[in-house]
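1. what follows is a predicted structure for the sequence shown.
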Amino acid sequence: MDRTLVVGATGQLGTAAVKELRRRGADVRALVRSAEQAGRFRDTGVESVTGDLTDAPSLARACSGVGAIITTANAAIPSRRTDTFEAVERNGYRNLIQAATAAKVRRFIYTSVPMTKYAHLAPLIRFKRETEEALTASGLESVIFRADVFMDTAFAMMGSSIPLRGSEGATVLRPFAFANRHFTRIRENIEQKHLAMIPGDGTKRHSFICVEDVARFLASAVDSAAAGEYAVGGPEALTFLDVVGIYERILGVSLRVQRTPATLFRVAAAVLGPFSPAGGNLMALNYIAAMEETLSDPTAATTFNVRLTSAEEFLRAKYSAGDAAKR
């Protein structure tokens, strides 16, 4: 297996991707922003290189000598004020594509989002589509994974800390982020108040997928399957109300459901967008989740030899991890 560069290596998905690559015996290089972040990979057999998507010269160094690139970095929940959608999703990925082309990288693996007719409402989705187009035009051999809604994030934002148990670099826990402030207020609602929060009426289906399964797709794509675009998700299409039912079975309680009208998310996206693009984007993503179903390609898991984790299996494992920690 070629040396693989992981961009976004300290995030939740990036960390999982690094671990999965190492489990497979891969030679891994992690792009990190600081010496402090590099310390996370010390004594793990992972090479760290300091750089940033917005720093083109650093990307040239990072891409030198690698055969494949896995990208997980995004600006959806920024950890720095300068991590704007334009800086990261547009300019940053253009920098990376140019560096990969110059370094003659064999394969570029890009983590994207599902197709939607509401892309114009969410800057993350618009810029993801632009990057997909730039990748296609670059001539690089690329694998694009349009990953469905992440269980780890969506189930936590229903008001529960259970999905975060055992996670490293959890997205919703990024300091000072819009999502962090909200999650801090609701993180024990399901466990303590028996209250679940869902977007819209909760009847739209999604192929929820866990972060570790996405990491398996990414790692597998380094050496397997043809280049192309793949809609990946979990093994079943569930509504948010179905997920409420799973929580009830695991906890042995009845939950009250608080529905946030889809129109409220759309209004919030328009109001927040001008002065908090990240906040507005999250509201738009909630609106889309409430209004539109996202269903994956069931053959993708076979193509990449990934055993998919069901939502109930995911939550039961996370719940059991909490019990084990108490013993």
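-> It's in. Numbers count the residues shown, from 1 in each chain.
2. let's see the lowest-mean-pLDDT helix or strand in the chain as PDB, backbone CA atoms only.
-> Every helix and strand in the chain was compared by mean pLDDT, DSSP states H and E; the lowest is helix 35-38, with a mean of 78. Taking Å, rounded to 0.1, in the frame of the first residue of the first chain, the C-alpha atoms of helix 35-38 are listed here in PDB:
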ATOM      1  CA  ALA A  35       3.500  20.600  17.000                       C
ATOM      2  CA  GLU A  36       0.900  20.100  19.700                       C
ATOM      3  CA  GLN A  37      -1.400  18.200  17.200                       C
ATOM      4  CA  ALA A  38       1.600  16.200  16.000                       C
END
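3. can you list the buried residues in the helix or strand following that helix?
-> Counting by DSSP states H and E, the next helix or strand C-terminal to helix 35-38 is strand 47-50. Across strand 47-50, burial judged by 16 or more other Cβ atoms under 10 Å covers 48, 49. The way it works is simple: take the backbone N, C-alpha and C, and place the C-beta from them, glycine included.
4. just the helices in the stretch 151-300 of the chain please.
-> For the stretch 151-300 of the chain, applying DSSP state H, counting those that start in this stretch gives helices covering 151-154, 178-186, 211-220, 240-251, 262-272, 277-291, 300-303.
5. how about these, which one is nearest residue 4?
-> Residue 4 lies closest to helix 211-220 among these, at 8.2 Å (Cβ to Cβ).
6. show residues contacting that closest one.
-> The contact list for helix 211-220 (Cβ atoms under 8 Å, 6 or more residues apart in numbering) reads 12-13, 16-17, 19-21, 24, 26, 70, 72, 109, 111, 145, 147, 150-152, 167, 230, 232, 234, 300, 304-309.
7. hey, what's the closest residue to residue 289 other than its chain neighbours bridged with?
-> Nearest in space to residue 289, with sequence neighbours left out and distances taken as Cβ to Cβ, 6 or more residues apart in numbering, is residue 199 at 5.0 Å. Applying DSSP bridges to residue 199 gives these bridge partners: residue 260.
8. before we move on, the earlier item: what packs against the least confident helix or strand of the chain?
-> When contacts are defined as 3 or more Cβ pairs under 8 Å, 6 or more residues apart in numbering; DSSP states H and E, helix 35-38 sits against strand 47-50.
9. list the buried ones in stretch 271-287?
-> The neighbour-count check on stretch 271-287 (16+ other Cβ under 10 Å) flags 272-273, 277-287 as buried.
10. which of those sits closest to residue 121?
-> Of all the buried residues of stretch 271-287, residue 284 has the smallest distance to residue 121: 4.2 Å, by Cβ to Cβ.
11. what's near enough to touch the closest one?
-> Residues near residue 284 by Cβ under 8 Å, 6+ apart: 118, 121, 122, 265, 266, 269, 273.
12. please repeat the previous calculation with a cut-off of 10 Å.
-> Residues near residue 284 by Cβ atoms under 10 Å, 6 or more residues apart in numbering: 118-125, 265-266, 268-270, 272-273.
13. out of the residues you listed, who's nearest residue 63?
-> residue 124 (24.1 Å).
14. state the distance from that closest one to residue 159.
-> With distances taken as Cβ to Cβ, to the nearest Å, residue 124 is found 23 Å from residue 159.
15. quick one, which of the helices of the stretch 151-300 of the chain is packed in tightest?
-> Mean neighbour count (mean count of other Cβ atoms under 10 Å) peaks for helix 211-220 among these, with a mean of 25.
16. tell me the mean pLDDT for that one?
-> Computed over helix 211-220, the mean pLDDT rounds to 98.
17. what distance separates that helix from the middle of the whole chain?
-> 11 Å (Cα atoms, centre = their mean, to the nearest Å).
18. on that earlier part again, and of the helices of the stretch 151-300 of the chain, who's closest to residue 194?
-> helix 240-251 (8.1 Å).
19. report the inter-axis angle for that closest one versus helix 277-291.
-> Note on geometry: by axes from the mean of the first three to the mean of the last three Cα atoms, to 10 degrees, helix 240-251 and helix 277-291 are set 90 degrees apart in direction.
20. alpha carbons of helix 240-251, as PDB, please.
-> Listed next in PDB are the C-alpha coordinates belonging to helix 240-251 (Å, rounded to 0.1, in the frame of the first residue of the first chain):
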ATOM      1  CA  PHE A 240     -35.400  10.400  13.200                       C
ATOM      2  CA  LEU A 241     -38.500   9.000  14.800                       C
ATOM      3  CA  ASP A 242     -37.100   5.500  14.200                       C
ATOM      4  CA  VAL A 243     -33.900   6.600  16.000                       C
ATOM      5  CA  VAL A 244     -36.000   7.800  18.900                       C
ATOM      6  CA  GLY A 245     -37.400   4.300  19.100                       C
ATOM      7  CA  ILE A 246     -33.900   2.800  19.300                       C
ATOM      8  CA  TYR A 247     -33.000   5.200  22.100                       C
ATOM      9  CA  GLU A 248     -36.200   4.100  24.000                       C
ATOM     10  CA  ARG A 249     -35.300   0.400  23.600                       C
ATOM     11  CA  ILE A 250     -31.700   0.900  24.800                       C
ATOM     12  CA  LEU A 251     -32.600   3.100  27.800                       C
END
